[in-house]
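In: turn this into a model:
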Amino acid sequence: MTNDLNARIQTNQRALTADLKSDYDFIVCGAGSSGSVVARRLAENADVSVLLLEAGGGDEMPDIMDPLRWPALRRGEQDWSFNAMPNPRLNGRAIPMSMGRVLGGGSSINVMVWSRGHKTDWDDFATEAGDDGWSYQSVLQIYRRIENWHGVPDADRRGSDGLVFVQPAPDPHPLAAAMLEAFEAVGVPIFDDQNGLMMEGQGGAALTNLCVRDGRRQSIFRSYVYPCMDRPNLTVLTGALVTRLIFAGRRVTGVEFAREGKLHRICAACEVVLSLGAIHTPKLLMQSGIGDEAELKRVGIPLVQNLPGVGRNFQDHFMAPSVWEASEPIERRNNLTEATALWRSDPALDAPDLQTLIVEAPYASPAVAKVPLPPNSWSLTNAVLRTASRGQLRLTGPDPRDPIEIDANCFSDPADLRALRICVEFCRDIGNSKSLRRFAKHELLPGPVSRAELDTFIRNATVSHSHQSCTAKMGRDAMSVVDHELRVYGLDNLRIADGSILPRVTTGNTMAPCVVIGERAGDMLKAAHRL
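Out: All right, here's what the predicted structure looks like:
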């Protein structure tokens, strides 16, 4: 990015934010992995005015730009630092849940892994929505259009001219190659690309696809929005917490937001798009009177639209990492997470339901790491991808400043604990295998344990993958919140474009699917308003 462009952006945005208009054509709420895409696609039309609202601040800080420093962002200023409710199935623990509070949202604080979702995910979504535009073959064309792929060429599946820089982890640590070798030795096939054929079959292992270029994080905000911020029709306002929607009958006409101690109300001539993520999007809906009638009545909010699915169907990926002390110093490279495996707990399954990532650092919950783990350690994450348990979000009061209650409901379905147990046991064998043995001084967690002790370990070790999703799902049943074009049922001029619309959480990390949701929303808005 040239200094000239940076200067133009600063001058332009300073002028635009100092003189906010009373109305814009479109208001996009949230500058994360979906909202950044929607704002960019709308602003590409010079005749359209776009206001992009972000509750957090700017992203220009070393901990964000340096891919190795993502652990420092957890529970920091750029993280909403949510906590799920205490869960008796986790021995009473209230586990943390990260979500980005910064330009770029999760893509500015995550581990930068680009994971498209499995073919069966998208085909299932198309069936649920009644729209082939959500099918794998349709979504594949979006991925090809938006990617700038720097790996083994695959003309049928990968593109090279898009906005999103993606590459396999370059010059990975030998630990990554050893992990792939260990999985291959037990029958998990190795692929050149985690998002090619591997995402169409029964799984496999590969170097991770990373959104890292020349040693710098490539957030979705930086890829999509920042290069356009010198345009006069795109206003990016930080420190703006959206508190309520504004209505005229069944039509959403704008938003109310808090900024610098004041409440502001701005109108949208065309539409409002909610891209606040799977926690704040349903919270805003409920604060605005959209949700389950009984839930709203409980906290004294007048009903505008009865949609009982708002805040329901909460899903996440939960993991219980295993940790080994290294036998020699580990040079940290890329994003610390350079290889992944997607595999099946049951050979009868048609798609992988478990995921393992190698982390070239100690990674454990405080409940199992009762003393600091040696910094010269490495971990294997053990995660359930297709969780059977479902959680719920609830308001604690009518004021937008009242916290949201997150009942993640982890392990409410015993199938999830069974699958995670299989994952932990299998990955302990991987970590102690011949391929990885030369890197391991000894196993720190869970260590030698009985079956009962292993279950106790899992309940104490389980943490969130920070892939919160599915709380305003797309579909056609009574619990659906949006239709196949992401329009909120029963209301005009309101759409949702973020991970909350997923009917179920995708197979793997969720950033890439959120970008696709943003792209689809952009296409739909352009078509609806003839842009």
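In: what about the strands in the stretch 351-500 of the chain?
Out: Remark: strands assigned in the stretch 351-500 of the chain by DSSP state E, counting those that start in this stretch are 354-359, 377-380, 383-384, 392-395, 404-407, 440-445, 463-464, 494-496.
In: just name the most buried of the ones you listed.
Out: Highest mean neighbour count of the strands of the stretch 351-500 of the chain: strand 383-384, a mean of 28 (counted as mean count of other C-beta atoms under 10 Å). C-betas here are computed from N, CA, C, even on glycine.
In: still on that earlier bit, now for the strands of the stretch 351-500 of the chain, which one comes closest to residue 296?
Out: In this view, the strands of the stretch 351-500 of the chain are compared for proximity to residue 296 by C-beta to C-beta, and strand 392-395 is the closest at 7.9 Å.
In: parallel or antiparallel, list what pairs with the closest one.
Out: Strand 392-395 pairs in its sheet with strand 404-407 (antiparallel), by DSSP bridges.
In: and the average pLDDT for the strand it pairs with is what?
Out: When pLDDT is averaged over strand 404-407, the result is 98.
In: and that strand, how far out from the chain's middle?
Out: How far strand 404-407 lies from its chain's middle: 18 Å, per C-alpha atoms, centre = their mean, to the nearest Å.
In: stretch 269-284 now?
Out: Centroid displacement of stretch 269-284 relative to its chain, using C-alpha atoms, centre = their mean, is 15 Å.
In: can you put the strands of the stretch 351-500 of the chain in a markdown table and add distance to residue 311?
Out: What follows is these, written out as a markdown table (distance: least, C-beta to C-beta, whole Å):
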| stretch | distance to residue 311 |
| --- | --- |
| strand 354-359 | 26 |
| strand 377-380 | 33 |
| strand 383-384 | 22 |
| strand 392-395 | 4 |
| strand 404-407 | 8 |
| strand 440-445 | 34 |
| strand 463-464 | 17 |
| strand 494-496 | 13 |
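In: to residue 261, which of those lies closest?
Out: Each of those has some distance to residue 261 by C-beta to C-beta; the shortest is strand 404-407, at 22.0 Å.
In: neighbouring contacts of the closest one?
Out: Where contact means C-beta atoms under 8 Å, 6 or more residues apart in numbering, the residues beyond strand 404-407 that reach it are 82-85, 97, 279-280, 283, 314, 391-396.
In: over to stretch 517-531?
Out: With contact meaning C-beta under 8 Å, 6+ apart, stretch 517-531 is reached by 26, 33-38, 40-42, 45, 47-48, 133-134, 142, 145-146, 270-271, 273, 275, 485-486, 495, 497-499, 501-502.
In: quote the end-to-end distance of stretch 309-319.
Out: Start-to-end span of stretch 309-319 (C-alpha to C-alpha, to the nearest Å) is 26 Å.
In: can you check stretch 88-105 too?
Out: Start and end residues of stretch 88-105 are separated by 31 Å (C-alpha to C-alpha).
In: that one: which residues count as buried?
Out: 89-90, 93, 95-105 (16 or more other C-beta atoms under 10 Å).
In: nearest to residue 191 among the contacts of strand 404-407?
Out: residue 97 (30.7 Å).
In: contacts only, for the closest one.
Out: 82, 83, 84, 279, 316, 406, 408, 464, 466, 468.
In: excluding sequence neighbours, find me the nearest residue to it.
Out: Closest residue in space to residue 97, ignoring its immediate chain neighbours: residue 82 at 4.3 Å, by C-beta to C-beta, 6 or more residues apart in numbering.
In: same check on residue 151?
Out: Nearest residue to residue 151, sequence neighbours excluded (C-beta to C-beta, 6+ apart): residue 168, at 4.7 Å.
In: you'd agree the one you found is up against residue 210?
Out: Yes: Residue 168 lies in contact with residue 210 (C-beta atoms under 8 Å); the separation is 7.4 Å.
In: now the helices: where do they sit in this structure?
Out: Taking DSSP state H as the test, the helices found in the chain are 3-18, 35-43, 62-65, 119-129, 136-146, 174-185, 220, 277-287, 293-298, 414-431, 434-437, 451-461, 511-528.
In: which of the ones you listed sits closest to residue 197?
Out: Closest to residue 197 of the helices of the chain is helix 119-129 (C-beta to C-beta; 9.9 Å).
In: and the closest one, what other elements does it pack with?
Out: helix 136-146 (3 or more C-beta pairs under 8 Å, 6 or more residues apart in numbering; DSSP states H and E).
In: what about the helix it packs on, distance to the chain center?
Out: With C-alpha atoms, centre = their mean, you get 19 Å for helix 136-146.
In: likewise for stretch 499-515?
Out: That offset, for stretch 499-515, works out to 7 Å (C-alpha atoms, centre = their mean).
In: and stretch 212-232, by the same measure?
Out: For stretch 212-232 - counting by C-alpha atoms, centre = their mean - the centre lies 18 Å from the chain centre.
In: now stretch 433-443
Out: Worked out by C-alpha atoms, centre = their mean, stretch 433-443 lies 32 Å from the chain centre.
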